[in-house]
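**Q** 3D model of this:
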Amino acid sequence: MPGFFALVLHAHLPFVRHPEHPRFLEESWLYEAITETYLPLLELLEDWQRDRLNARVTLSLSPTLCSMLLDPLLQARYEQRLDGLVELAEKETFRTHFDPKLHPLAEHYRERFHRLRELWRGHGRDLVGAFRRLQDEGRIEIITCAATHALLPLLADQPAALRGQVLTARDHYRACFGRDPAGIWLPECAYSPAVEPALQEANIRWFIVDTHGLLHSTPRPRYGVYAPVFTANGLAVFGRDPESAKQVWSKNEGYPGDPRYRDFYRDIGFDLDLDYLRPYLPSPDLRGFTGIKYHRITRAGTAKEIYEPVAARLAAKGHADHFLEGRRDKLRRIADVIDLPPLLVAPFDAELFGHWWHEGLVFLDTFVRGALDLAGEMALVTPTDYLRQHATHQVVQPSSSSWGEGGHLHVWLNERNEWIQPHLRAAEQRLTDAVRRFPQPDELTARVLCQMARELMLAEASDWPFILHTDTSPGYARQRVETHLARFLALHDQLQAGAVDGAQLGDVEERDNLFPHVEPAYWA
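**A** Presented below is the predicted three-dimensional model:
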């Protein structure tokens, strides 16, 4: 067999939950992703199961995403949003009745939203449980991530905080999936040697780094990124295949920029009358995405043209065939020059498929079905599968790296967001001191320590410095960091003074209610 291909999809969103508001704009990040990526991905995986396809793929579900998917309040709010989309699509079929171009699209959305609502209800609103069943049946492998997607190398000088992120994620994975995770998605694929002790303690077996993180190892890896390596601590490291990444991710050369594909930004939420849209918008007084989009990307310099789903699906299938042929040819070439079956690892953000790239799941479906037809030439595996079949590999020291712009940590540590780090370092040390001060806390003190750990981890999320760097929702990102640190400090001061406000503690516990069984001793 010439080689193997590992498709790894990383599903993550920051923890956004605002029970104090009936409709909150940033909560729509979750609702859009469920409608456009998570439900369609589940539908695709079940289609493969129905067709008895052994399509082994790896799915990373971050602990914050799982926490939101399991939250009854957010589940109820999403169902309201989905009901609203069905109603809006019904209204659109009437509004566009005499428009021969838009009416078929309106009917397309009506059918789509009805189908997704049936899938959602059919699984009892429990997407985590649905993915768990697929893993239990051997269809997919699910891996974990840091608890709140903290950039772990930035915690290198606070090993207790790093340990807390990793072990909390491990515990949460156990609660969700009934087993320990074999692999971990390092947030932003950011690696430094300092992360390894915590991964060892959590019994993590493997992780992925960007291409240069492996190629710049010491000594240089004998097989480049086409086989895993081991660190001196026994952790397996897989490198990203650069050509697979370029063909999908590249702004100028990647498939998603094809003018036949649906345009992400042109949405009826910005085009139609505000009063008509108001009941269906993420925030009643602000225009936003509804998910109903009638235009395609179109060639640069011309007005947006009407989206044609059939042409877009044909484009996605053609791109998938091109991608598959490229991977097959590459595996053939590599197999001729190395002495073990080569492996191509293709990690992507899951939200690219369906959300950002509407036709992305058609692309995945076509690619996977085509790859399974090449059983004598290429096999789909997870990294764990590959390690089981090929257990002996070179020992190297990978290079500190990330998959962010510039290949290191500049995106998350620059002039726009560096102010966060001193506050986090101080809070991390205070939590460690508090946990050590109360090694056997009473019930109230234990609740305070648990909530301090939650607030600290939420403030450590890599999403907030990323948003500040990209300037997409900087006010919200700053507010989230400041709010979590303020709650942390208030609880810390009350604990120090021996005067805990039980009502205030209960309110914060209800707002930031993830990780119900967090263990403060990890920070000791």
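
**Q** now the helices for the stretch 201-350 of the chain?
**A** Using DSSP state H, counting those that start in this stretch, the helices of the stretch 201-350 of the chain run over 211-215, 242-249, 268-271, 274-277, 309-335.

**Q** looking at these, which is buried most?
**A** helix 211-215 (a mean of 22; mean count of other Cβ atoms under 10 Å). Heads up, the C-betas are built off the backbone N, CA and C, glycines and all.

**Q** still on that earlier bit, in TSV: the helices of the stretch 201-350 of the chain, plus mean pLDDT and distance to H484.
**A** Converted to TSV, the helices of the stretch 201-350 of the chain look like this (pLDDT from 0 to 100; distance: least, Cβ to Cβ, whole Å):
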stretch	mean pLDDT	distance to H484
helix 211-215	97	30
helix 242-249	90	31
helix 268-271	96	30
helix 274-277	96	33
helix 309-335	96	40
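
**Q** do you know which of those helices lies nearest A434?
**A** Ranking the helices of the stretch 201-350 of the chain by proximity to A434 (Cβ to Cβ) places helix 211-215 first, at 35.3 Å.

**Q** helices or strands up against the closest one?
**A** strand 236-239 (3 or more Cβ pairs under 8 Å, 6 or more residues apart in numbering; DSSP states H and E).

**Q** how about residues contacting the strand it packs on?
**A** Residues outside strand 236-239 that contact it (Cβ atoms under 8 Å, 6 or more residues apart in numbering) are 6, 191, 205-211, 213-215, 221, 224-225, 228-231, 343, 345, 383, 387, 393, 396, 398.

**Q** how about 6 Å then?
**A** Here strand 236-239 makes contact (Cβ atoms under 6 Å, 6 or more residues apart in numbering) with 206, 208-209, 211, 214, 225, 228-230, 345, 383, 387, 398.

**Q** now stretch 76-88
**A** 31, 34, 113, 117, 280.

**Q** go on, stretch 299-319?
**A** Against stretch 299-319 from outside (Cβ under 6 Å, 6+ apart): 101, 255, 258-262, 266, 294-296, 298, 359, 362-363, 366.

**Q** select only the buried ones of the residues you listed in PyMOL?
**A** Buried members of the contacts of stretch 299-319, defined by 16 or more other Cβ atoms under 10 Å, are picked up in PyMOL with:
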select buried, resi 255+258+260+261+262+266+294+295+296+298+359+362+363+366
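
**Q** can you tell me which of the contacts of stretch 299-319 is nearest A320?
**A** Using Cβ to Cβ, T366 is the member of the contacts of stretch 299-319 that lies nearest A320, at 3.5 Å.

**Q** now do that closest one against L65, distance only.
**A** Applying Cβ to Cβ, to the nearest Å, the value for T366 to L65 is 26 Å.

**Q** got the domain ranges for the protein?
**A** 3-70+126-262+307-406, 413-523 (automatic domain parsing).

**Q** right, and these - which one's nearest L272?
**A** Closest to L272 of the domains of the chain, according to Cβ to Cβ: domain 3-70+126-262+307-406, at 16.0 Å.

**Q** next, the distance between the ends of that closest one.
**A** Chord length of domain 3-70+126-262+307-406, first to last residue, is 30 Å (Cα to Cα, to the nearest Å).

**Q** distance from the chain centre to that domain, please.
**A** 9 Å (Cα atoms, centre = their mean, to the nearest Å).

**Q** how about stretch 298-314?
**A** 28 Å.

**Q** ends of that stretch, how far apart?
**A** End to end - Cα to Cα - stretch 298-314 spans 16 Å.

**Q** what does stretch 90-108 give?
**A** End to end - Cα to Cα - stretch 90-108 spans 10 Å.

**Q** other residues contacting stretch 61-71?
**A** With Cβ under 6 Å, 6+ apart as the criterion, stretch 61-71 contacts 11-13, 15, 30, 74, 127-128, 142, 145, 147-149, 169, 172, 176, 514.

**Q** just to revisit the earlier point, okay, and which of the contacts of stretch 76-88 map to helices?
**A** 31, 113, 117 (DSSP state H).

**Q** what number of residues lie near the residue nearest to the last one when sequence neighbours are not counted?
**A** Spatially, and ignoring its direct neighbours in sequence, R117 is nearest to L82 (5.1 Å; Cβ to Cβ, 6 or more residues apart in numbering). As a burial measure, the neighbour count of L82 was computed by other Cβ atoms under 10 Å and equals 20.

**Q** could you look up the SS state of L82?
**A** Recorded secondary structure, L82: helix (DSSP: H, G, I helix; E, B strand; the rest coil).

**Q** offset the numbering so it begins at 6, please.
**A** Understood, numbering begins at 6; the last thing we discussed is L87.

**Q** and the pLDDT at it?
**A** Turning to L87, the model gives it a pLDDT of 97.

**Q** can you check T307 too?
**A** 88.

**Q** what do you get for K256?
**A** With respect to pLDDT, K256 has a value of 68.

**Q** what's the weakest-modelled helix or strand in the chain?
**A** helix 247-254 (a mean of 90; mean pLDDT, DSSP states H and E).

**Q** need the contact partners of that helix.
**A** Residues contacting helix 247-254 (Cβ under 6 Å, 6+ apart): 216, 259, 328, 351.

**Q** against I39, how distant is I145?
**A** Distance, I145 to I39, using Cβ to Cβ: 18 Å.

**Q** between the two, tell me which one has more neighbours.
**A** The neighbour count for I145 versus I39, taken as other Cβ under 10 Å, is higher for I39 (25 against 20).

**Q** count of residues packed around the closest residue to that one other than its chain neighbours?
**A** Among residues not flanking I39 along the chain, Y83 sits closest, at 5.9 Å (Cβ to Cβ, 6+ apart). Residues lying near Y83 (other Cβ under 10 Å) number 23.

**Q** so which strand or helix has Y83?
**A** Assignment of secondary structure by DSSP states H and E places Y83 within helix 77-100.

**Q** which of the residues in that helix are buried?
**A** 79-80, 82-83, 86-87, 89-91, 93-95, 97-98, 100.

**Q** ok, stretch 410-427 next?
**A** Buried residues in stretch 410-427 (16+ other Cβ under 10 Å): 412-414, 416-418, 421-422, 425.

**Q** quote the end-to-end distance of it.
**A** 23 Å.

**Q** contact partners of that stretch?
**A** Residues contacting stretch 410-427 (Cβ under 6 Å, 6+ apart): 156, 217, 406-407, 409, 467, 470, 473-474, 486.

**Q** buried ones among those?
**A** Buried among these (16+ other Cβ under 10 Å): 156, 217, 406-407, 409, 467, 470, 473-474, 486.
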